[in-house]
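Novice: give me the fold of what follows.
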Amino acid sequence: MQFIDLAEIHVKAGKGGDGIIAFRREKYVPAGGPSGGNGGNGGSVILKAVSHLQTLLDFRYAHVFKAENGQRGGPNNRTGACGADLIIEVPCGTMVWDAKTEELLGDLTTPGQTLLVAKGGKGGLGNKHFLSNHQRAPDYALPGLEGEERHLRLELKLLAEVGIIGLPNAGKSTLISVLSAARPKIADYPFTTLVPNLGVVRQPNGDGTVFADIPGLIAGAHAGLGLGHEFLRHIERTRLLLHLIDATAEDVVSAYQTIRNELVAYGQWVGRSPADCCSQ
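Specialist: Numbering: from 1, shown residues only. Coordinates of the predicted model:
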């Protein structure tokens, strides 16, 4: 499965149905009056976090999502049907940004959590609504309103309890393959792991702890060097950082300090305190 952790999509809620102009014409209803119904509301676009997705791969080719429009009103005071809401499933850990304003709209971390990203347009009023003592035969109605439209940026940050960090080729993939059922690519050259890998480590009580193998970092990663903050952001949600160091390295202390410095620098870059980054 290809790991995709960034995606941009365009969402548009449904337009509200138009209200209509109609009058009662039954033979035994004298001066029947207006009977144009209101239009139905347009469907909204809703994002929903689900546990069975681990990547944003579904949005690589599907970029535009539109909810149903509301139906126009009918005669005899019949209200048009509302458009169905469009529910888009995303992985847990997805942050939703407005791509134009850079506003954070929501952070979907719990299975079943939802976020309304585009509200459907309100249905227009039929001429029945405008009946009054001063207006006994209104001959106008209102059109439905357009639904909200947004360009969104989805950013997935892995949800793991333990993140394994270290320099390239330190043995992170080997460790997670031994601890869990994960089978990442293992080779004797740097940057073997190009995407984060998740593995579940079973506990004696039957529960599982999610481990994340973060691709190797190098000096300057916080500024985008190497794999850079393409994967540094995935450590933000881990409860514990497990720093793996190759004991055969020429300078073990330097290897440790390089990663520690990158965590501190990245913490300052994203607005977190260095203590938060390194206390884990």
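
Novice: so what's the closest residue to residue 65 other than its chain neighbours bridging to?
Specialist: Spatial nearest neighbour of residue 65, excluding adjacent residues (Cβ to Cβ, 6 or more residues apart in numbering): residue 11 at 4.9 Å. Where you see a C-beta, it was placed from the backbone N, CA and C, and this is true even at glycine. Residue 11 has the following beta-bridge partners by DSSP bridges: residue 65, residue 150.

Novice: residue contacts, residue 11?
Specialist: Residue 11 makes contacts with 45, 64-66, 86, 88, 117-118, 149-150, 152, as judged by Cβ atoms under 8 Å, 6 or more residues apart in numbering.

Novice: which of those count as buried?
Specialist: 45, 65-66, 86, 88, 117-118, 150, 152 (16 or more other Cβ atoms under 10 Å).

Novice: pLDDT for the residues you listed - can I get that in TSV?
Specialist: Listed next are the buried ones among the contacts of residue 11 as TSV, based on pLDDT from 0 to 100:
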residue	pLDDT
45	98
65	97
66	97
86	97
88	97
117	97
118	97
150	96
152	96
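
Novice: run through the bridge partners of the spatially most central residue of the chain.
Specialist: The centroid of the chain falls nearest to residue 94 when counting by Cα atoms, centre = their mean (4.1 Å). Residue 94 forms beta bridges with residue 108, residue 156, as assigned by DSSP bridges.

Novice: and this structure, what are its domains?
Specialist: 1-156, 162-278 (automatic domain parsing).

Novice: winner for burial among those domains?
Specialist: With neighbours taken as mean count of other Cβ atoms under 10 Å, the domains of the chain reach their highest mean count in domain 1-156, at a mean of 18.

Novice: need the contacts of residue 11 in JSON lines (columns: distance to residue 165).
Specialist: Formatted as JSON lines, the contacts of residue 11 follow (distance: Cβ to Cβ, whole Å):
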{"residue": "45", "distance to residue 165": "37"}
{"residue": "64", "distance to residue 165": "37"}
{"residue": "65", "distance to residue 165": "36"}
{"residue": "66", "distance to residue 165": "41"}
{"residue": "86", "distance to residue 165": "38"}
{"residue": "88", "distance to residue 165": "32"}
{"residue": "117", "distance to residue 165": "33"}
{"residue": "118", "distance to residue 165": "38"}
{"residue": "149", "distance to residue 165": "40"}
{"residue": "150", "distance to residue 165": "35"}
{"residue": "152", "distance to residue 165": "30"}
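
Novice: related to what we said a few turns ago, mean pLDDT lowest where, among the domains of the chain?
Specialist: The stretch with the lowest mean pLDDT among the domains of the chain is domain 162-278, at a mean of 66.

Novice: follow-up on the earlier one: farthest pair within the contacts of residue 11?
Specialist: Pairwise distances across the contacts of residue 11 (Cβ to Cβ) peak at 14.8 Å, for the pair 88 and 149.

Novice: how about residues contacting stretch 86-95?
Specialist: Contact partners of stretch 86-95, identified using Cβ under 8 Å, 6+ apart, comprise 9, 11, 43-51, 53-56, 58, 65-68, 104, 106-111, 113-114, 154-159, 237.

Novice: hmm, 7 Å instead?
Specialist: Stretch 86-95 has contacts (Cβ atoms under 7 Å, 6 or more residues apart in numbering) with 43, 45-51, 53-56, 65, 67, 104, 107-111, 154-159, 237.

Novice: send the alpha carbons of it over as PDB?
Specialist: C-alpha atoms of stretch 86-95 as PDB (Å, rounded to 0.1, in the frame of the first residue of the first chain):
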ATOM      1  CA  LEU A  86     -21.800  13.700   1.500                       C
ATOM      2  CA  ILE A  87     -19.700  11.900   4.100                       C
ATOM      3  CA  ILE A  88     -16.000  11.500   3.200                       C
ATOM      4  CA  GLU A  89     -14.000   9.000   5.200                       C
ATOM      5  CA  VAL A  90     -10.500  10.000   6.300                       C
ATOM      6  CA  PRO A  91      -7.900   8.300   8.500                       C
ATOM      7  CA  CYS A  92      -7.700   9.100  12.200                       C
ATOM      8  CA  GLY A  93      -5.100  11.700  12.700                       C
ATOM      9  CA  THR A  94      -6.100  13.900   9.800                       C
ATOM     10  CA  MET A  95      -5.800  17.600  10.200                       C
END
